[in-house]
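> sequence and computational prediction follow.
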Amino acid sequence: LKRQFNGNYEFDFSDPSDIQLSQEKGKSFVNPEQKREESKSRGMSPDELVEPERYSLVAYLKILYLDPHMQMYVLGHKVRAYRLRNSLFMAKQHTYKPVSFRDDNGIKINTRMVFGFNKKTRYHFGIMLYHKNRLIKQYIRVGIQNGGTSRGRGVIGLVDAYFLTPTHNKQDFIYNDKYRLLMEALASKLATYW
């Protein structure tokens, strides 16, 4: 295991059914105890600080696949994956059909965008970008969600962007015209949904 600058290990195994990232200064994730203390000092809800998918392996595996068809275990405990699409309140579906692009096989692009309100908490919102059923980027703020207002807050968008090219480590997409046009379309469809 890798040690951090403060001498602690990178991973926290204190929870018998989960592996979590430990607190490191300058990073955006915190462990649950420090999260509660920091939220009290700032006067906000603990859920408002950091999405659990950023520091908890089990929470990340629950949403890793758009349509989960496999069993996953962490430390001998089964992870109950769920379809994020079914957990959205007032879900609306839009179709994305760019005229100027085709996928790698030369077929016209036709994919679904699903927008809905997060039932669990309104503090975790953004766009979840999947590539061939696997999560690549999570909680991307687009359009009205980037402003300092409450517009777009609590709305989650789901897109299977099979036509985009992921980077070699499957943590991001290559920024090209297809990606830029998708982000613009997501911003306009989100404003329409709101």
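On my side now, so go ahead. Numbering: from 1, shown residues only.

> what's the burial count for residue 136?
Number of residues near residue 136 (other CB atoms under 10 Å) recorded here: 18. All C-beta atoms are positioned from the backbone trio N, CA, C, and that covers glycine.

> tell me the pLDDT of it.
On the pLDDT scale, residue 136 is placed at 89.

> need phi/psi at it.
Note on residue 136: its backbone torsions stand at phi -110, psi -50 [degrees, to the nearest 10].

> quick one: it from residue 83, how far?
With distances taken as CB to CB, to the nearest Å, residue 136 is found 17 Å from residue 83.

> list the contacts of residue 193.
If you count contacts by CB atoms under 8 Å, 6 or more residues apart in numbering, residue 193 has them with 92, 94, 115, 155.

> who's in contact with the second one?
Spelled out, it's residue 94. 112-115, 189, 192-193.

> element containing it?
Assigned by DSSP states H and E, residue 94 belongs to strand 88-96.

> I'd like the next helix or strand past that strand.
strand 111-118.

> what helices and strands are in contact with that next one?
Here strand 111-118 touches strand 88-96, strand 155-160, helix 177-193, going by 3 or more CB pairs under 8 Å, 6 or more residues apart in numbering; DSSP states H and E.

> with distance to residue 119 added, can I get those in CSV?
Supplementary listing: the helices and strands packed on strand 111-118 in CSV, determined by distance: least, CB to CB, whole Å:
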stretch, distance to residue 119
strand 88-96, 5
strand 155-160, 10
helix 177-193, 16
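
> mind putting these in a markdown table, mean pLDDT and distance to residue 132 included?
Shown next, in a markdown table, are the helices and strands packed on strand 111-118 (pLDDT from 0 to 100; distance: least, CB to CB, whole Å):
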| stretch | mean pLDDT | distance to residue 132 |
| --- | --- | --- |
| strand 88-96 | 85 | 16 |
| strand 155-160 | 88 | 7 |
| helix 177-193 | 85 | 15 |
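
> which of the contacts of residue 193 sit farthest apart?
94 and 155 (12.6 Å; CB to CB).

> common neighbours of the two, please.
115, 193.

> the helix or strand of the chain with the lowest mean pLDDT: what's the following helix or strand?
For the chain, using mean pLDDT, DSSP states H and E, the weakest element among its helices and strands is helix 46-49, scoring a mean of 56. Counting by DSSP H and E, the element after helix 46-49 in chain order, helix or strand, is helix 57-62.
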